[in-house]
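[1] Next comes the sequence, and after it the predicted model I'd like to discuss.
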Amino acid sequence: MEHGYSYEQALAASERVNWRVEDLIGGDRKLDFGKRFLPESLARVEPLDFLSLGEKRLLNQIRGHGYLYMFGTVEEFILPFVLDHARPRLSENDHRVRALLRFAEEEAKHIQLFREFRREFLAGFGHECEVIGPPQAIAEKVMSHHVMAVALTILHIEWMTQRHYVESFREEGDLDPQFRSLLKHHWLEEAQHAKLDTLMIEALAESCTGEEIDQAFGGYLQIGMFLDGGLGQQVAFDLAAFERAAGRTLSAAERARFTEVQRQAQRWTFLGSGMTHRNVLATVEYLHAEARAKLEEIAPAFC
């Protein structure tokens, strides 16, 4: 597959953008609860015309909390996956080993960052926001699939992250600066992870049969449906958190509309935006041309 990525270049880029958790969060770096956290393209709160302007901002912030929690959750299985991939190559002592170990270290750092964010968010928001999980159980379920299925899922997540920042966060100027800063620094490191995962998939493909590739693509879709179920539960949690924070109970019709709109918003954010990313589609086509056609057929339901 033509892409121009290399372990050496990814390592060098990672070393240039390296940052520390303690430099991004804590102390005087506070979230501004007077501002929105998520771009509207991801939050999709505007169609809920029965909410006031303040209530839409409240829901946006609840979604922002869930957004970063979800990234911390998926990184719970990305970290062991990368370590498992690096372990057989430790004796090679080259840029590949160093780049993969750096990948793993950065994922551990991201998990720490998002845990710190959750603590600060709940302290400032003042209301409980339930989340799906626990992350370890989600990771165990995902990791039970074929190694290539997990690699494809991670590729989906890494390119999805890039798309969100470039197409959404970078374009909206009135978001909370602290929240935006966390996403910017996350994006800077994830840019290298997407390239490294592409290289890992190429290495894995060398030892996979056509039947295994088919099995892996099926596993990728199964993981997607598993995560989709979790996103449905998260919508219910977000509705409950919104009603607590807003101090009112929505009508049955309002609840139904809330669920419909937010269900599709979650699907686009974590599934559709990855499934339709050109680099995800290119990698799937590299593995199996018919798989790309199937993915393009399925994706609209999640957009």
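    Nice, thanks for sending it over.

[2] From the chain's centroid, how far away is the helix or strand where residue 267 lies?
    Remark: residue 267 resides in helix 252-267, with elements defined by DSSP states H and E. The chain centroid and the centroid of helix 252-267 are separated by 21 Å under CA atoms, centre = their mean, to the nearest Å.

[3] what's it packed up against?
    helix 210-246 (3 or more CB pairs under 8 Å, 6 or more residues apart in numbering; DSSP states H and E). C-beta coordinates here come from the backbone N, C-alpha and C atoms, glycine included.

[4] Could you tell me the angle between the helix it packs on and helix 252-267?
    140 degrees (axes from the mean of the first three to the mean of the last three CA atoms, to 10 degrees).

[5] list the buried ones in the next helix or strand after the helix holding residue 267?
    Scanning forward in sequence from helix 252-267 by DSSP H and E, the next helix or strand is helix 273-275. Using 16 or more other CB atoms under 10 Å as the test for burial, helix 273-275 gives 273, 274, 275.

[6] just stretch 43-55 next, same as before
    For stretch 43-55, the neighbour count (16+ other CB under 10 Å) marks 43, 44, 45, 48, 51, 55 as buried.

[7] Stretch 281-296 too?
    281, 283, 284, 285, 286, 287, 288, 291, 292, 295.

[8] could I get that stretch in CSV with only the CA atoms?
    The C-alpha coordinates for stretch 281-296 follow below in CSV (Å, rounded to 0.1, in the frame of the first residue of the first chain):
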residue,chain,number,x,y,z
LEU,A,281,-11.3,2.8,3.4
ALA,A,282,-8.0,2.6,1.6
THR,A,283,-6.6,0.2,4.1
VAL,A,284,-9.7,-2.0,4.0
GLU,A,285,-9.4,-2.0,0.2
TYR,A,286,-5.7,-3.0,0.5
LEU,A,287,-6.8,-6.0,2.6
HIS,A,288,-9.8,-7.0,0.5
ALA,A,289,-11.5,-4.9,-2.2
GLU,A,290,-15.0,-6.4,-1.6
ALA,A,291,-14.7,-5.5,2.1
ARG,A,292,-14.4,-1.8,1.2
ALA,A,293,-17.6,-2.1,-0.9
LYS,A,294,-19.4,-3.7,2.1
LEU,A,295,-18.1,-1.0,4.5
GLU,A,296,-19.3,1.8,2.1
